[in-house]
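Chemist: task: produce atomic coordinates for the following.
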Amino acid sequence: MGHTSLEKIISLQRNPANIRNLCILAHVDHGKTTLADCLVASNGIISSRLAGKLRYLDSREDEQIRGITMKSSAISLHYSHGDQEYLLNLIDSPGHVDFSSEVSTAVRLCDGAVVVVDAVEGVCPQTQVVLRQAWLENIRPVLVINKIDRLVVELKLTSQEAYTHLKKILEQVNAVTGTLFTSKVLEERAGKEEEEEKEGEKSSGDQVYDWSAGLEEVDDSHLYFSPDQGNVVFASAIDGWGFSIQHFAHIYSERMGIKKEVLLKTLWGDFYLSMKAKRIMKGAQAKGKKPLFVQLVLDNIWSLYDAVVIRRDKEKVEKVVTSLGVKVMARDSRHSDPKVLLSAICSQWLPVSQAVLSMVCEKLPSPLEMAAERVEKLMSVGARRFDSLPEQTQHLKTAFLQCSSEENAPVIVFVSKMFAVDAKALPQHRQRPLTQEEIAERREQARRRHADRMAAESHREPSHSESVSPAGLCTANMENLTLKDSKPEEEEEAKETFVAFARVYSGVVRKGQRVFVLGPKYDPAQSLSTLPEGCSASDDVSEIPHLSRCSMENLYLLMGRELEELQEVPAGNVLGEMPKLVRGMRLLNQADPCAEVLIQETGEHVLVTAGEVHLQRCLDDLRERFAKIEISASEPIIPFRETVVRPPKVDMVNEELGKQQKVAIIHQVKEEASQGRSSDTLHLDSSGLVTLTTPNRLATVGVRAIPLPQEATRLLESSSEVIRTLEQVNMSLREGKSLDISVRSLEAISDLKAQLESLLQGRKWRNAVERIWAFGPRRYGPNILLNSVEGYQRPSVWQCLSRGDKASEATALRDFDNSVVSGFQLAALSGPMCEEPLMGVCFSVERWDVQSAAPPQRQDSVEEDSTRHEATVESNVEGSSETSARAEGVAAGQSHARRRPEVAASSDCYGPVSGQLIAAVKEACRHAFQAQPQRLMAAMYTCEIMATADVLGRVYGVLGKREGRVLHEEMKEGTDMFTIKAVLPVAESFGFADEIRKRTSGLASPQLVFSHWEVISSDPYWVPTTEEEYLHFGEKADSENQALKYMNAVRRRKGLYVEEKIVEHAEKQRTLGKNK
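Modeler: Just a heads-up that it's a prediction; the model follows:
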């Protein structure tokens, strides 16, 4: 197929039934971009010879250098299938785990996906992730098993062995799909059972329990990948060939006279061809016969590879070329690389683009077939359910489903992400080739100008022309130069332009059109009550939170590395748009949705990324594209967590600890704690209870730190979204508002409560779940504040489940209740070890006494101050750990201000009671934390490495050097590859991938994914105390303590005090004798 014109694509955009929006998903290095090259070459955009080498959709320099895709790129392709013409909007997405956010943005714009799997490596971790993503976003996948040439050339499998191997890969992929389907069915069944229980309906009086899972009733046959269903293509994109069994069924139905329908059912499976009976029979495996797929398909491909690549048999190649009826150019047949000849034959015999694009047109849905469930998910955000949206908003669901381009259809555009484009690359700034008419016209204009200039010079006086002309010409030239030079200076800031990556779901988007921009937190109920009925984006309306307006200045067709300008885009298409008002799009993520920038108190900008490769890409972008300045980057900042553990039963030499040492440790901590505070305000008893009094002696709090069970900590960490929803509901109830939340959210909250109750068992956790005061830090973290104050019954955090009297519950809060919570939030956000967030710690408040000593006339001002201070602390709790330090500074500044003589009339020289209580609770929590055995928690990666047997030892060596731990290893059946699964601290992971590639000569490649937080077993404060420890570790005990090393590194980075020995006056040691 030749090059497709822009006019042709614009005409195809008007027929949504023949549009396919699809993305290519796969694990890293499974051949997505090579396959995309083959599809792009089918439209004549690039040469078919360069397909797989050019990597056309990898337009960034670092993508070409590393050989991996780092961002999603889109291109529109034209394909004729039968008598129909289709427009395919193809998005190529990254496979590296660091760029998972790019995959999400691609999936949300598509209706279908091409999942690519390497024929040798099979299903890898990222393959499972993308299949799950496609399932959750409700898009239909088709499968391409790529790199089948590796089975012939590398693994040297026979065609029969390859068939068995391909069957196993299909089973692996279908197992992932089956797991997703089963979980969905069981979830729906559980929901139905709960509804039936609520309604009191019983199916039968005699029935006690129905053990059927509901899986038998649901038809799932259409979900799985099977060649006979037409949703699987076997391919080698690098060699340019690919086929579905439909292609061979068509060939052999003409040759053998067998019906095409019969061949479609039997070409894949346990069928064989009986030459005696001249029939297709079942039971190939049992009778030791070659399956039909091997006999009619794979044997032909294997013999072609044998003749062309392995044996290079010229006579056999000529026979094959003649029998296939393909034409091979002389230069291809004479080429020294046999793969060139192979590509020339295969691209004509079994073109991969034809096989894949035919499958896409037949099996993937058009925009008109969008699922209602997917529309509801796009329209609902967070805890809000679709049913609770205003009626006018719910009516838009019909517009989504109709995908109409009529004049009266509402314009709905979904922006998935923003990406940066060099201003020179925009179509309006790009030089286009001139037509013959334009060249002739410009030539004529140049002649006229020259003739006019010559005529003007001939009419001038000779004296003037001699003296003035050079100066005049010089001035004109200077002006010209000045104009040319000043223009870039004015446009210096506009060198990079942000373009929105979007899809039109309804209506027609036109150039210059004004539209509303709805941010992620936009509330339709609020805006509909404020906006006048029938208003449009061009009207002057009042400001509404998370709602802005912008003008569609330019519309672009995304064509890989290039953009083509459009006047309008109808529904069902993918486009790029450039808003005129940049501030109108500030609510949407720009450039990279997964990169986050924080500013520390020191003025340093902290860049938060998904991994090492992602970090490098962001730094390169800053240096070369966005900032265009030299950036001084520090060493990577590694996050840690602080926790407490149960007192150990044995010491460092495995001797049982006695009670005396335990008392001594607590006594030592008590002495350290009392150094900074006077003994009358802080008290620490032998059980670990810290009692602290505020400076004005009006409030006293008693706090104890208890380690949470590991399972409970993991549960809280994984349920952060549920806890956040719970906090939103509780806040609304406290303010007297009603927040309508979905049944699913209520079920999730109920499940969380039930799981916590099952995990927090024992005497010390009795009724603990009901007594939870707050979660932290940021009100949804993996730490708990427990209400153990005698006689204080505050509203439960689970009150949304009880549906009790909300008004009476809201009044049950004691004064300054919020101050205790704020103090806990600050303590949980930055621990005493190295100011890192806490994890898995429960703070039990066992005493809380407040005496009100403020004069009546000043009570109102005190309350106002406390409210204002609480608001300040609350806002700061939402920030980073550095922000918490700033909040402390604010509190300290306020308390100092109150000591000044001019405010001596205030009720309290130490400031408001709420501020002192916040500081007291925070300090009490920190001292209670220090009274328990403290530990650091390190972030851990799960590391999957595929390596051959001969480099296995080197892989283990690199892992051991970096504190890694191998969990298991297994050999991939039918290959010499081992899959090693290990865990590795994030702190030791920088440069790990490069080192492992160097040590194994590129034969092993790791894939790092964040897994969990793990307690570092060594105590950073440990010193030898027993005689055995002194003998074993020596008096200094200066052997490397990993936890202490990490802790000191973090403290040094944050500018905190580090206790270390520094040699000031060193002298070189001199020896009398020679070294022996």
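
Chemist: where do the helices sit along the stretch 1-150 of the chain?
Modeler: With DSSP state H, counting those that start in this stretch, the ranges of helices along the stretch 1-150 of the chain come out as 6-12, 32-41, 61-66, 100-108, 125-136, 149-153.

Chemist: roughly how far does the nearest residue to residue 771 once chain neighbours are set aside sit from residue 956?
Modeler: In space, and not counting its chain neighbours, residue 771 is closest to residue 787: 4.7 Å by Cβ to Cβ, 6 or more residues apart in numbering. In short, each C-beta sits where N, CA and C put it, glycine included. Computed as Cβ to Cβ, to the nearest Å, the residue 787 to residue 956 distance reads 50 Å.

Chemist: can you check residue 395 too?
Modeler: In this view, residue 395 and residue 956 are 62 Å apart by Cβ to Cβ.

Chemist: ditto for residue 569
Modeler: Taking Cβ to Cβ as the criterion, residue 569 is separated from residue 956 by 55 Å.

Chemist: what ranges in the stretch 201-350 of the chain fall below the confidence cut-off?
Modeler: 201-219 (pLDDT under 70).

Chemist: how about the helices in it?
Modeler: Under DSSP H, counting those that start in this stretch, the stretch 201-350 of the chain gives helices at 245-256, 260-266, 284-287, 292-293, 299-305, 314-324, 330-334, 338-349.

Chemist: elements contacting the fifth one?
Modeler: Secondary-structure packing of helix 299-305 (3 or more Cβ pairs under 8 Å, 6 or more residues apart in numbering; DSSP states H and E): helix 149-153, helix 159-199, helix 338-349.

Chemist: mean neighbour count added to the ones you listed, as CSV?
Modeler: What follows is the helices and strands packed on helix 299-305, written out as CSV (neighbours: other Cβ atoms under 10 Å):
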stretch, mean neighbour count
helix 149-153, 20
helix 159-199, 15
helix 338-349, 20
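
Chemist: residue 787 and residue 956: which has the busier surroundings?
Modeler: Higher neighbour count among residue 787 and residue 956: residue 787, with 21 against 17, using other Cβ atoms under 10 Å.

Chemist: bridged to that one, which residues?
Modeler: Here residue 787 shows beta-bridge partners residue 845, assigned using DSSP bridges.

Chemist: who's the closest residue to residue 89 other than its chain neighbours bridged to?
Modeler: Spatially, and ignoring its direct neighbours in sequence, residue 89 is nearest to residue 574 (4.3 Å; Cβ to Cβ, 6+ apart). Beta-bridge partners recorded for residue 574 (DSSP bridges): residue 503.

Chemist: just checking, residue 574 touches residue 108?
Modeler: No. Applying Cβ atoms under 8 Å, one finds residue 574 not in contact with residue 108, separated by 11.0 Å.

Chemist: neighbour count winner among the two?
Modeler: Counted by other Cβ under 10 Å, residue 574 and residue 108 do not tie: residue 574 has more neighbours, with 23 against 20.

Chemist: what sits against the more buried one?
Modeler: Counting by Cβ atoms under 8 Å, 6 or more residues apart in numbering, residue 574 makes contact with 21, 74, 76, 89, 91, 109, 501-503, 558.

Chemist: what pLDDT does it get?
Modeler: Note on residue 574: pLDDT of 79.

Chemist: in the stretch 501-650 of the chain, which spans are strands?
Modeler: Under the criterion DSSP state E, counting those that start in this stretch, the stretch 501-650 of the chain contains strands at 508-510, 514-518, 547-559, 562-566, 568-570, 574-579, 596-599, 605-608, 640-644.

Chemist: could the ones you listed go into TSV alongside distance to residue 368?
Modeler: Listed next are those as TSV, based on distance: least, Cβ to Cβ, whole Å:
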stretch	distance to residue 368
strand 508-510	16
strand 514-518	23
strand 547-559	21
strand 562-566	21
strand 568-570	12
strand 574-579	16
strand 596-599	38
strand 605-608	41
strand 640-644	49
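
Chemist: for residue 746, which of these is the nearest?
Modeler: With Cβ to Cβ, the closest approach to residue 746 among these belongs to strand 514-518: 26.2 Å.

Chemist: name every strand pairing with that closest one and say which way it goes.
Modeler: Paired neighbours of strand 514-518 in the sheet (DSSP bridges): strand 547-559 (antiparallel).

Chemist: and the partner strand, what's its mean pLDDT?
Modeler: The average pLDDT for strand 547-559 rounds to 84.

Chemist: next one: stretch 27-40
Modeler: Taken as a whole, stretch 27-40 has a mean pLDDT of 88.

Chemist: angle of the lengthiest strand in the chain against strand 640-644?
Modeler: Longest strand in the chain, counting residues (DSSP state E): strand 934-948. With axes from the mean of the first three to the mean of the last three Cα atoms, to 10 degrees applied, the angle from strand 934-948 to strand 640-644 works out at 130 degrees.

Chemist: so which bits of strand 934-948 are buried?
Modeler: Using 16 or more other Cβ atoms under 10 Å as the test for burial, strand 934-948 gives 934-947.

Chemist: do the same with stretch 721-729
Modeler: Buried-residue list, stretch 721-729, by 16+ other Cβ under 10 Å: 722-729.

Chemist: so which of the residues you listed belong to helices?
Modeler: Among the buried residues of stretch 721-729, the ones falling in helices (DSSP state H) are 722-729.

Chemist: show me the shaky parts of the stretch 451-600 of the chain.
Modeler: For the stretch 451-600 of the chain, applying pLDDT under 70 flags the ranges 459-496, 541-542, 576-600.

Chemist: if you set the cut-off to 80 instead, what comes out?
Modeler: For the stretch 451-600 of the chain, the stretches with pLDDT under 80 are 458-498, 520-546, 560-561, 574-600.

Chemist: all helices of it, in order?
Modeler: With DSSP H, counting those that start in this stretch as the criterion, the stretch 451-600 of the chain has helices at 462-490, 524-530.

Chemist: right, and residue 708 touches residue 838 too?
Modeler: No. Counting by Cβ under 8 Å, residue 708 stays clear of residue 838, with 10.4 Å between them.

Chemist: give me the common contacts of the two.
Modeler: Counting by Cβ under 8 Å, 6+ apart, the contacts common to residue 708 and residue 838 are residue 783.

Chemist: out of those two, which sits in the more crowded spot?
Modeler: residue 838 (28 against 24).

Chemist: and that one, how far is that from residue 237?
Modeler: Going from residue 838 to residue 237 by Cβ to Cβ gives 50 Å.

Chemist: equivalent analysis for residue 780, please.
Modeler: In terms of Cβ to Cβ, residue 780 sits 45 Å off from residue 237.

Chemist: pLDDT of the helix or strand hosting residue 1051, averaged?
Modeler: Using DSSP states H and E, residue 1051 sits within helix 1042-1053. Mean pLDDT, computed over helix 1042-1053, is 88.

Chemist: please put the alpha-carbon coordinates of it into CSV.
Modeler: Only the C-alpha atoms of helix 1042-1053 are listed here, as CSV (Å, rounded to 0.1, in the frame of the first residue of the first chain):
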residue,chain,number,x,y,z
GLN,A,1042,24.1,-1.4,57.8
ALA,A,1043,21.3,0.3,59.6
LEU,A,1044,23.6,2.9,61.2
LYS,A,1045,25.2,3.6,57.8
TYR,A,1046,21.8,4.3,56.2
MET,A,1047,20.6,6.3,59.2
ASN,A,1048,23.7,8.5,59.2
ALA,A,1049,23.6,9.1,55.5
VAL,A,1050,20.0,10.4,55.8
ARG,A,1051,20.8,12.5,58.8
ARG,A,1052,23.8,14.0,57.0
ARG,A,1053,21.7,14.8,53.9
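
Chemist: tell me which residues of it are tucked away?
Modeler: 1042-1044, 1046-1051.
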